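coords please:
(2 chains)
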Amino acid sequence: MRETMTECDLPGIGRKYTFTASGGERLAIVVHQTGTRELFIFPPGAEEPCGGIAFEDDEARQIGAIIGGAYYKPKILEDLEVSLQGIAIEWFQIGPAAPARGKSIGELQIRKRTGVSIIDIIREGQSLPNPGPETVLEEGDTLVVAAKHGQLSAFKTLITGRQPGDA
Amino acid sequence: MTPILELGLVYAVLALAGLLARRLGTSAIPFFVAAGMLVGPHGLTLSFLDLRVVRDPAVVDLLGRIGLLLLLLFVGLELPVSRLLQSGQRIVVGGVTYVALNAALSAAYGLLLGWEGLEVLALVGIMSISSSAIVARILIDLRRTANPETELILGIITIEDVFLAVYLTALSGILLTGAIQPARLLAGAALSLLFIAGVVAAGHAGRRLLDRALADLPQELFLLLVFALVLTVAGAGEVLHVAEAVGALLVGLVLAGTAHREAIQERLLPVRDLTAAVFFFAFGAAVPPAGLWAVALPAIGGAAVSVAGSFLAGLAAGWWGGHSFRASSRLGMTILARGEFSVMVAVLARQGGLDSRLQPFAALYVLILALASPSLARHANAIADALRGVAGRWPGRRPPAPPAPTTASGAGQQAVAAGAGRAGRHDRTGVGKAAMGGSF
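As a prediction, this is how the structure comes out:
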């Protein structure tokens, strides 16, 4: 296995992870103690980064999800996941402003409208597996869902009331 | 004016000073000090304009003293003894080189100014310890956190913090026990050493007890208990001629060994920020402006000595670490920042009754460097390029072998390793791939 990642402490600042891509470019990710993630790109052999960009916590999580393939998977990766039949497992938390708060799964017509199945709800550390349509979603619930490619964005809009791409 | 109104105005002035520093993109510490000079009891008075907000410094003094104790509590809490033990050879060499070279240069400068003995010792402290806070700020502002020299910079800062702890303890022992008669000095030093050893031993033995006492406490009780511990130990130390600052540092070291280190930092941080600003203000308020003119030239000279010393030491440390000329230049110009520790040493010197020129000197010196160091750090590459023609070829050095990976701060990294899945090596000291080759 090629050595691709190193990590080190930056006392008083945070932690740094450095990845070397197969082309020789390096990506350094600095996770600040404040939660900010900073990304730096080093061209092959360069000592100083040629560019950097800083993300707040929620932005960084969204980018992480995109890189992880939760939003969109290129065809080549979908073929690799044939055994899973393209089903992705994701989780969402019900925020204080979520329109889905206080409504039941049946009322929201989640499966009918989005095709997504809620396979588990984590409420106050307890798991409620296979919740029925009468289950009412509460603030702070974490929904574990199974979705096919393309279904997640509709589901997210339904649950959080925000269009995909909103900050 | 009522004390509350006085304090309210002090905080208003501090907020303004902080805002100004932010606008200028520099550290707030020297601006807090300058605010103290401007509106303190020795402050600015023109014929119709009287800026003196604080007539009776008792209120700010007490709050400022608490600020100093909390600053040192945090130094103790953050003192990375375990990290120091596993830090690589290049960090130890770099840090020792940096402190030794700057201490030697500032001692020589002090002697040149005609100071002697203890004053020179205090000057060494004022001029050779970088400000961890400002250095971290500069690295973040200039977006250099991922640069190859940054790990070395932060490592050197770590070594300097350890030096600070030892230095403060030694200086307070010498100053506050009355250094004139050797017999009394010895007895006093023995007593203060006994106190220090006592606190450390009690802390070590009582770690479990502290762990249990602080566990599951509500916020209010937790704060009360920690605060009581800091103030009583610091105060008791003072009775035995151990500077209260050292007492607070020791409490920090003891509490760092408990399971509540991070909770203490998190919960006391707002209190520290609220009182530390007043500490810098009170320091400025106690400096008579007449003294400023007398030390203007020495302070400018001192700042110049530190720029040169820091640059040279940075080159040496960078070269040893296998960095390029540019990276070494950035290193020296970044560690140049001076701030809270210089002020602390100056305050200790006042408590010990040393030459009263040391405080205005420290105030001006810190102000000059605080204004100059961020832009010197920013333009370090240009400085390196300009000097390259003069200096000739940079003798590149292969970086020393990375130290063997250690298993110090455990679980989090393991989780990351597991999460990263296929990621290969985990080089905790970060020396391996991140360090670039020698010549540029």
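
Secondary structure class of A:Ile29, three-state.
Secondary structure, DSSP: H, G, I helix; E, B strand; the rest coil: A:Ile29 is strand.

Quick check: it vs chain B, distance?
Using CB to the nearest CB, to the nearest Å, one gets 8 Å for the distance from A:Ile29 to chain B. For every residue, glycine as well, the C-beta is placed using N, CA and C.

Surely A:Ile63 and A:Phe55 touch.
Yes. Contact status for A:Ile63 versus A:Phe55: in contact at 6.4 Å, counting by CB atoms under 8 Å.

Compare those two (neighbour count), which wins?
Summary of the neighbour comparison: A:Ile63 and A:Phe55, criterion other CB atoms under 10 Å in any protein chain shown, with A:Phe55 having more neighbours (17 against 14).

residues in contact with that one?
By CB atoms under 8 Å, 6 or more residues apart in numbering or on different chains, the contact set of A:Phe55 is A:36-39, A:63.

Neighbour-wise, give me the winner out of these.
Within the contacts of A:Phe55, most neighbours by other CB under 10 Å means A:Glu38, with 22 neighbours.

hang on, it in a strand?
Yes. The assignment for A:Glu38 is a strand, going by three-state DSSP.

Please list all residues in contact with it.
Neighbouring residues of A:Glu38 by CB under 8 Å, 6+ apart: A:29-30, A:32, A:52-55, B:143, B:145-146.

next one: A:Gly23
A:Gly23 makes contact with A:Pro44, according to CB under 8 Å, 6+ apart.

Before we go further, it is sitting in a strand, right?
No. Using three-state DSSP, the secondary structure at A:Gly23 is coil, not a strand.

Mind exporting the C-alpha coordinates of stretch B:344-353 to CSV?
Output of stretch B:344-353 as CSV, limited to C-alpha atoms (Å, rounded to 0.1, in the frame of the first residue of the first chain):
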residue,chain,number,x,y,z
MET,B,344,4.6,39.1,33.1
VAL,B,345,8.4,39.2,33.7
ALA,B,346,8.3,43.0,33.9
VAL,B,347,5.5,42.8,36.5
LEU,B,348,7.6,40.2,38.5
ALA,B,349,10.5,42.6,38.3
ARG,B,350,8.4,45.4,39.8
GLN,B,351,7.2,43.1,42.6
GLY,B,352,10.8,42.3,43.3
GLY,B,353,11.8,45.9,43.4
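
tell me the average confidence for that stretch?
For stretch B:344-353, the mean per-residue pLDDT is 88.

For chain A, which segments count as helices?
Remark: helices assigned in chain A by DSSP state H are A:57-68, A:75-80, A:105-108, A:110-114, A:152-160.

anything in stretch A:58-73 near chain B?
No. Stretch A:58-73 lies apart from chain B when judged by CB under 8 Å from any CB of the partner chain; the minimum separation is 10.9 Å.

State the mean pLDDT of that stretch.
For stretch A:58-73, the mean per-residue pLDDT is 80.

again with stretch B:68-76
Across stretch B:68-76, pLDDT averages out at 92.

what does that stretch contact?
With contacts defined as CB under 8 Å, 6+ apart, stretch B:68-76 is touched by B:161, B:164-165, B:168, B:230-231, B:234, B:244-256, B:265, B:268, B:271-272, B:275-276, B:279, B:340, B:344, B:347.

Tell me where chain A is predicted with low confidence.
For chain A, residues meeting the criterion pLDDT under 70 lie at A:1-3, A:72-86, A:162-167.

Near chain B, which residues of it are found?
Taking CB under 8 Å from any CB as the test, the list of chain A residues beside chain B reads A:1-14, A:16, A:18, A:20, A:26, A:28, A:30, A:32, A:38, A:40, A:42, A:47-49, A:52, A:54.

PyMOL command to pick out the buried ones of the residues you listed?
Buried members of the residues of chain A next to chain B, defined by 16 or more other CB atoms under 10 Å in any protein chain shown, are picked up in PyMOL with:
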select buried, chain A and resi 4+5+6+7+8+9+10+11+12+13+14+16+18+20+26+28+30+32+38+40+42+47+48+49+54
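
ok, the residue of chain A found nearest chain B to B:Leu209 distance?
For chain A, the nearest residue to chain B under the criterion CB to the nearest CB is A:Cys8, separated by 2.4 Å. Applying CB to CB, to the nearest Å, the value for A:Cys8 to B:Leu209 is 35 Å.
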